[in-house]
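**Student:** Coordinates only, no sequence provided:
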């Protein structure tokens, strides 16, 4: 469940909350620009902007702002006093935008969640903060603007101009505009519902992937086994639904019960019209070379084969299914971070 779905769920439960998001960051901080969390009226937190004293202070301000019905900015400096109160020796600075959401924003959040679920491109959730007053707006591909509160023509222009410039945030005296491109969750297709597939599916769901598990054994695909995930019973590629055709943000993991099925699904992935973001296959180096040789003989290019991650996962000495799942998820996190611009290079470990 992404943060927008959590926010909509809280609104539907009539729970008051604020969203806190890092809109500016410099130096080493626990998390980078765009990290966000929800803070409920009783101080509970959903997700994180980095932990420690900085997050605690932001949460306290968020609780206060819920009561006051206004938004504000919180600036932190982890090179000075904040670092004394925190176990994290980072040394960076940043600014957190904190704004409540109210029942007036329900339609905005509904459209936001729908856009992400439908994997739509070029949609935005925008927050405008001006002298303590805030407005949340949804902007779609056609630049249609939805806001739960009245906007002046000037505010509408500011929001649409900010979206058009594709900037994460803009500011001038007394004004802050935070633009959040609604990037669809990465989609992970796991071929194989055995022990490794099961452990990896749950772990990757928790790190934000939209997970679909494919196996020909229907008894392995129940919702009690893969809660909150899609499952497809298929033995051959032609049995797959058309919507599972890979796109540029599809991640593919092949962990079936045998090398014949592994080769089949690997060939399907490498022959896809659009190259997936990632293709990983479990197995020994001997098995890998045998499968690769067969695919080369069937006309798959060496260039495509060279992009396959096999043996899959980071080499951390994993043996059990859950350990193997950890090393696979770690590799995926590493590659996803690189695709997003190498956030890991801008932040410090907690």
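**Tutor:** Looks like it came in fine. Owing to the predicted nature of the structure, the values given are computational and were not obtained by experimental measurement.
**Student:** For the helix or strand hosting residue 178, which strands pair with it and how are they oriented?
**Tutor:** Of the helices and strands defined by DSSP states H and E, residue 178 is found in strand 175-181. The pairing partners recorded for strand 175-181 under DSSP bridges are strand 124-130 (antiparallel), strand 169-172 (antiparallel).
**Student:** in the longest one, what counts as buried?
**Tutor:** The one in question is strand 124-130. 124-130 (16 or more other C-beta atoms under 10 Å). C-beta here means a position set from N, CA and C on the backbone, and glycine is covered the same way.
**Student:** Can you add pLDDT and distance to residue 117 and give these back as CSV?
**Tutor:** Listed next are the buried residues of strand 124-130 as CSV, based on pLDDT from 0 to 100; distance: C-beta to C-beta, whole Å:
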residue, pLDDT, distance to residue 117
124, 96, 16
125, 96, 14
126, 96, 19
127, 96, 21
128, 96, 25
129, 96, 27
130, 93, 31
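**Student:** Return the member of these nearest to residue 111.
**Tutor:** Distance to residue 111 across the buried residues of strand 124-130 (C-beta to C-beta) is lowest for residue 125, with 8.8 Å.
**Student:** Test my guess that the closest one contacts residue 163.
**Tutor:** No. Contact criterion C-beta atoms under 8 Å: residue 125 and residue 163 do not qualify, at 10.2 Å.
**Student:** so where is the stretch 1-150 of the chain shaky, pLDDT-wise?
**Tutor:** 80-91 (pLDDT under 70).
**Student:** Helices of that one, start to end?
**Tutor:** For the stretch 1-150 of the chain, the helices defined by DSSP state H, counting those that start in this stretch occupy 3-12, 52-68, 81-84, 106-117.
**Student:** Buried residues, the longest one. List them.
**Tutor:** Yep, that's helix 52-68 we're talking about. 52-55, 57-59, 61-63, 65-66.
**Student:** so who does residue 248 touch?
**Tutor:** 274-277 (C-beta atoms under 8 Å, 6 or more residues apart in numbering).
**Student:** cool, and residue 339?
**Tutor:** residue 277 are the contacts of residue 339 under C-beta under 8 Å, 6+ apart.
**Student:** Need the pLDDT of it.
**Tutor:** Note on residue 339: pLDDT of 84.
**Student:** now residue 183
**Tutor:** For residue 183, the predicted pLDDT is 80.
**Student:** Are we agreed that it is in a strand?
**Tutor:** No. Using DSSP: H, G, I helix; E, B strand; the rest coil, the secondary structure at residue 183 is coil, not a strand.
**Student:** returning to that earlier point: in JSON lines: the buried residues of strand 124-130, plus distance to residue 267.
**Tutor:** Listed next are these as JSON lines, based on distance: C-beta to C-beta, whole Å:
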{"residue": "124", "distance to residue 267": "38"}
{"residue": "125", "distance to residue 267": "40"}
{"residue": "126", "distance to residue 267": "44"}
{"residue": "127", "distance to residue 267": "46"}
{"residue": "128", "distance to residue 267": "50"}
{"residue": "129", "distance to residue 267": "52"}
{"residue": "130", "distance to residue 267": "56"}
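**Student:** Would you tell me which one of those comes nearest to residue 245?
**Tutor:** Out of the buried residues of strand 124-130, the member with the shortest distance to residue 245 (by C-beta to C-beta) is residue 124, at 26.5 Å.
**Student:** Nearest residue to the closest one in space, please, no chain neighbours.
**Tutor:** residue 139 (4.6 Å; C-beta to C-beta, 6 or more residues apart in numbering).
**Student:** hang on, that neighbour packs against residue 123?
**Tutor:** Yes. Assessed by C-beta under 8 Å, residue 139 is found in contact with residue 123 at 6.7 Å.
**Student:** separation between the residue nearest to residue 31 when sequence neighbours are not counted and residue 314?
**Tutor:** Leaving aside its chain neighbours, residue 31 sits nearest to residue 50 (4.3 Å; criterion: C-beta to C-beta, 6+ apart). Distance, residue 50 to residue 314, using C-beta to C-beta, to the nearest Å: 24 Å.
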